[in-house]
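> Here is the input, now give the coordinates:
(one chain, ligands or ions: 1)
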Amino acid sequence: MAILLNNYGSDNGQWQEALAELLPAMPVYTYPDIPDPDAIKYALVWNHPKGDLQTYKNLRCILSLAAGMEHLMNDPELPDVPMVSLGDPAMSRDMANYALYWLMDIHRNFDHYREQQANKNWLRIDTTITDEYKVLVLGLGRIATLVSQTIQQAGFDMKAWDFKEKQVEGIDSYAGEEALKSLLPEADVIISCLALNERSQQLIDNDFLQQVKKGASIINISRGGIIDEAALLDSLDSDHLHRAVLDVVAVEPLPESHVFWTHPKVRITPHMSGPTYARSAAKVIIANITRMEDGQDPQPIFDRNRGKQAPD
Ligand code: GLV
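Prediction:
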């Protein structure tokens, strides 16, 4: 019995060390060095080669090394075993702090103050009272919930929206297309935490952006595919949107020639809002493997039909 580790070649040493420390009894085979494919029972993967997972005939569970699951759903030959998304609290915390950092940067005009310092200019800029500044979080999954709670605790006027109704204690939440239509014209900052799937693909398109209030900003910490980038550029260039903070983009790494790199209203970070820390994530993964070895279900099992366009 063995674990397959295929993290797209990243941090193999750290992962091996963390896994061996937590579960020394189970050998870890690091892709592509697989001495015995039939021994593999658990696959820990991120961006694996399509079709590879179906070669392990005793595979019992696929454990994602990322919170997002589209890297698995893109594989047309995925074996029919449970799949588990990575729910690492260290990652969610960093993402929530990232969102709050940029929200505050936008709300308090820190960009202007950086420019003012360069010009030795001592001038205060008027700003909206924090509890009147409206933030809309798109998504109400695990990460979005912590993002929403963090923003709410910082005193902003927080609302969360998702495709389907979800209740989270203390969060003012909404669902469905009609609700979104009424929320978009109000929000000062919109933060996307949505998982990428058929339903969310390019949700932020021309039509969406036209409904957004003039002067609003967008922060994307989930997946680039949520945004129609041409429509976003139009909205920024026509001075409708104030700013776009993009930790994720449609093509990663962002090509050198892409206009986002130099656009004055775009802030780019290289998909770092929620890093996967091997030491912390390995604890979550090994807890799931231990659970399965004890005959229990891992958490959270991913619903492969989630976000499919067909009515659900
Ligand atoms: C990173 O983007 C992740 O999905 O964990």
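> So which residue is dead centre in this structure?
For the chain, residue 222 is the residue whose C-alpha lies nearest the centre (CA atoms, centre = their mean; 3.0 Å).
> Next one: that residue from residue 278, what distance?
Per CB to CB, to the nearest Å, residue 222 is found 22 Å from residue 278. Just so you know, the C-beta spots here come from the backbone N, C-alpha and C atoms, and that holds for glycine as well.
> And for residue 238?
For residue 238, the distance to residue 278 - CB to CB - is 44 Å.
> give the contact list for the spatially closest residue to residue 201 that is not a sequence neighbour.
Spatial nearest neighbour of residue 201, excluding adjacent residues (CB to CB, 6 or more residues apart in numbering): residue 225 at 5.5 Å. Contacts for residue 225 (CB atoms under 8 Å, 6 or more residues apart in numbering) come out as 70, 196, 200, 201, 202, 250.
> Run through those residues and flag the ones next to the ligand.
Filtering these for neighbours of the ligand using CB under 6 Å from any ligand atom leaves an empty set.
> Filter these down to just the buried residues.
196, 200, 201 (16 or more other CB atoms under 10 Å).
> Would you agree the second one is in contact with residue 208?
No - taking CB atoms under 8 Å as the definition, residue 200 is not a contact partner of residue 208, at 11.4 Å.
> got the end-to-end distance for stretch 255-262?
The first residue of stretch 255-262 is 12 Å away from its last residue (CA to CA, to the nearest Å).
> quick one, which of residue 238 and residue 278 is more surrounded?
Using other CB atoms under 10 Å, the more surrounded residue of residue 238 and residue 278 is residue 278, with 21 against 10.
> ok, the more buried one touching residue 21?
No - using CB under 8 Å, residue 278 is not in contact with residue 21; the gap is 10.5 Å.
> hang on, residue 105 packs against residue 111?
Yes - with contact defined as CB under 8 Å, residue 105 counts as touching residue 111 (6.9 Å).
> neighbour-wise, which of those two wins?
residue 105 (18 against 14).
> The helix or strand where the more buried one lies - contacts with which helices or strands?
Per DSSP states H and E, residue 105 falls inside helix 89-107. Applying 3 or more CB pairs under 8 Å, 6 or more residues apart in numbering; DSSP states H and E, we find helix 89-107 packed against helix 142-153, strand 189-192, strand 217-220, strand 243-246, helix 278-293.
> May I see the buried residues of whichever helix or strand comes after it?
Proceeding N to C from helix 89-107, the next assigned helix or strand is helix 110-118, under DSSP H and E. Going by neighbour count (16+ other CB under 10 Å), the buried part of helix 110-118 is residue 113.
> Output helix 110-118 as CSV, nothing but the C-alphas.
Extracted C-alpha coordinates of helix 110-118, given in CSV (Å, rounded to 0.1, in the frame of the first residue of the first chain):
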residue,chain,number,x,y,z
PHE,A,110,-3.2,53.8,-0.3
ASP,A,111,-2.2,53.9,-4.0
HIS,A,112,-2.7,57.7,-3.9
TYR,A,113,-0.7,58.0,-0.8
ARG,A,114,2.2,56.1,-2.4
GLU,A,115,2.1,58.5,-5.3
GLN,A,116,1.7,61.5,-3.0
GLN,A,117,4.8,60.4,-1.0
ALA,A,118,6.8,60.3,-4.3
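> could you give the mean pLDDT of that helix?
Across helix 110-118, pLDDT averages out at 97.
> Mind listing residues that contact it?
So helix 110-118 is contacted by 104, 105, 121, 122, 123, 125, 243 (CB under 8 Å, 6+ apart).
> Using CSV, please lay out those residues together with distance to the ligand.
As requested, these are exported to CSV (distance: CB to the nearest ligand atom, whole Å):
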residue, distance to the ligand
104, 22
105, 21
121, 39
122, 41
123, 39
125, 34
243, 22
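> Where neighbours are concerned, which of these has the most?
Within the contacts of helix 110-118, residue 243 tops the neighbour count with 20 neighbours, counted by other CB under 10 Å.
> Name the SS class of the residue nearest to the centre of the chain, please.
Using DSSP: H, G, I helix; E, B strand; the rest coil as the criterion, the local structure at residue 222 reads coil.
> Adjust the sequence numbering to begin at 196 for everything that follows.
Shifting the count to begin at 196 puts that one at residue 417.
> Quick one: residues contacting it.
263, 334, 387, 388, 389, 390, 391, 443.
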